[in-house]
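**Q** Here's my sequence, what's the structure:
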Amino acid sequence: MKEMVNTVTGLKSLDELGVILPHEHLLFARGERLPYLKQELIDYKNAGGSVIIDMSTPEICKSFERDERIDTLYDLSMETGVTLMYGTGFYKEPRLPEFIKEKTIDELADMMIHEIEVGRGAHKIKASLIAEVGSSNYTVYETEEKVLRAAGRASAKTGVAITTHTGRGTMYKEQLRFFEEEGADLTRVAIGHQDVYPRLEERMEAYEYIFSKGATVQFDCIGKQGFFEIHLDIDYGQKFPYDTERAKMIKKFIDMGYIKQIMISCDIDGPTLCKHWGGWGYSHMLTSFVPMLKNEGVTDEQIHQIMVENPKNMLRRKEV
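**A** So this is what the prediction gives:
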């Protein structure tokens, strides 16, 4: 019997999925911008891409209501041929809705479970995973902890995976603790934005901690390099690393035996990151970064594991 996964156009066999970008944003474009977004998806498909998982909760893309967001993803998938999926959940402060303060953890978990089991929008499209839930830079606010615990609880009840936002790569220990305390399987968790620190070699302790818990280290800002400054007093003036450094670190993870706990994506979350407006687009992963991995000695088989099998395994729903 084939294992199936929810997509915005219905159930699809996991065996049919090819290259997957597991952490992206699509709903920054509407109106006159929409044709350019469609072209970005077509370029990604022509480069060899197959699937994009959208992390654009309404708190991230404020111009879309929850149902409108999902119906728009359906239209984009139908018109471009790219398989699209979406995550349920709530983002982080200061973008969390006011009702987070009033609702209980169980109530928030039930909202996520509803999108996983029942779906939303005109086509009753079901969420494929819980994402993007997150914490802030160097801290976890009370409201964020509530959402993270709700995500862990919903994952434990449904068997779907969780993908997170970490502010500047921090608070990963707290996220994993909340999920574990709520009964989530940490092998079903991807800790996001672990490639934004300017000197990746200095983060080996963090990476090894995440790996030791069975969770996935997600390098999901591929393409965001060099010129992105971090505007905080604690690390002001530091820059995002270059993709060449990311490629070297991924090769290091592979050599350490962690190939099954790595996922990569671009986190394109605005028009200026798309090719039409001078950015690099979703196809950057395949046209630019994959050659960098190969230059470091990463084999085709290993690239397939990271870009196809690992996200596919994350999408695989665990029996509960």
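**Q** Show me the shaky parts of the stretch 51-200 of the chain.
**A** 59-66 (pLDDT under 70).
**Q** quick one, helices of it?
**A** Using DSSP state H, counting those that start in this stretch, the helices of the stretch 51-200 of the chain run over 66-80, 99-102, 105-117, 142-158, 172-181.
**Q** of those helices, which approaches Thr88 most closely?
**A** Taking Cβ to Cβ, helix 105-117 is the member of the helices of the stretch 51-200 of the chain nearest to Thr88, at 3.8 Å. The C-beta positions use only the backbone N, C-alpha and C, and glycine is treated the same way.
**Q** Deepest-packed of the helices of the stretch 51-200 of the chain, please.
**A** Comparing the helices of the stretch 51-200 of the chain by mean neighbour count (mean count of other Cβ atoms under 10 Å), helix 142-158 comes out on top with a mean of 23.
**Q** hang on, the earlier thing: tabulate the helices of the stretch 51-200 of the chain in CSV, adding columns for distance to Lys275.
**A** Shown next, in CSV, are the helices of the stretch 51-200 of the chain (distance: least, Cβ to Cβ, whole Å):
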stretch, distance to Lys275
helix 66-80, 15
helix 99-102, 36
helix 105-117, 31
helix 142-158, 33
helix 172-181, 32
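**Q** Select, out of those helices, the one closest to Met55.
**A** Per Cβ to Cβ, nearest to Met55 of the helices of the stretch 51-200 of the chain: helix 66-80, 11.1 Å.
**Q** Run the angle between the closest one and helix 105-117 for me.
**A** 30 degrees (axes from the mean of the first three to the mean of the last three Cα atoms, to 10 degrees).
**Q** helices or strands next to helix 66-80 in the packing?
**A** Where contact means 3 or more Cβ pairs under 8 Å, 6 or more residues apart in numbering; DSSP states H and E, helix 66-80 is packed against helix 34-46, strand 83-88.
**Q** again, only using 10 Å
**A** strand 4-7, helix 34-46, strand 49-54, strand 83-88, helix 105-117 (3 or more Cβ pairs under 10 Å, 6 or more residues apart in numbering; DSSP states H and E).
**Q** Contact partners for Glu182?
**A** Ile105, Ala109, Leu148, Arg149, Ala150, Ala151, Gly152, Arg153, Ala154, Ser155, Ala156, Lys157 (Cβ atoms under 10 Å, 6 or more residues apart in numbering).
**Q** show me the contacts for the closest residue to it other than its chain neighbours.
**A** Residue nearest to Glu182 in three dimensions, not counting chain neighbours: Gly152, with 3.2 Å by Cβ to Cβ, 6 or more residues apart in numbering. Taking Cβ under 10 Å, 6+ apart, we find Gly152 in contact with 105, 109, 130, 133, 162, 175-186, 189.
**Q** hang on, the earlier thing: looking at the helices of the stretch 51-200 of the chain, which is nearest to Val19?
**A** helix 66-80 (14.7 Å).
**Q** what's the angle from that closest one to strand 49-54?
**A** Using the same axes, to 10 degrees, helix 66-80 lies at 170 degrees relative to strand 49-54.
**Q** Could I have the CA atoms of whatever helix or strand His23 lives in written out in PDB?
**A** Using DSSP states H and E, His23 sits in strand 19-24. Extracted in PDB, the C-alpha atoms of strand 19-24 (Å, rounded to 0.1, in the frame of the first residue of the first chain):
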ATOM      1  CA  VAL A  19      13.400  17.300  -5.000                       C
ATOM      2  CA  ILE A  20      11.700  19.200  -2.100                       C
ATOM      3  CA  LEU A  21      12.400  22.600  -0.700                       C
ATOM      4  CA  PRO A  22      11.100  22.100   2.900                       C
ATOM      5  CA  HIS A  23      11.100  25.800   4.100                       C
ATOM      6  CA  GLU A  24       9.800  28.400   1.800                       C
END
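**Q** Give me the spatial nearest neighbour of Gly119, chain neighbours excluded.
**A** Closest to Gly119 by Cβ to Cβ, 6+ apart is Lys126, at 4.1 Å.
**Q** picking up where we left off before, of the contacts of Glu182, closest to Gly281?
**A** When these are compared against Gly281 (criterion: Cβ to Cβ), the nearest one is Ala151, at 29.6 Å.
**Q** The closest one against His165, yeah?
**A** No. Using Cβ atoms under 10 Å, Ala151 is not in contact with His165; the gap is 11.3 Å.
**Q** what do the two both touch?
**A** Gly89, Ala131, Glu132, Val133, Gly134, Gln175.
**Q** Could I get the contacting residues of the second one?
**A** Residues near Ala131 by Cβ under 10 Å, 6+ apart: 22-23, 53-57, 85-89, 91, 151, 160-165, 190, 192, 314.
**Q** The last one too?
**A** By Cβ under 10 Å, 6+ apart, the contact list for Gln175 reads 133-135, 140, 144-145, 148, 151-152, 162, 164-166, 189, 191-192, 210, 215.
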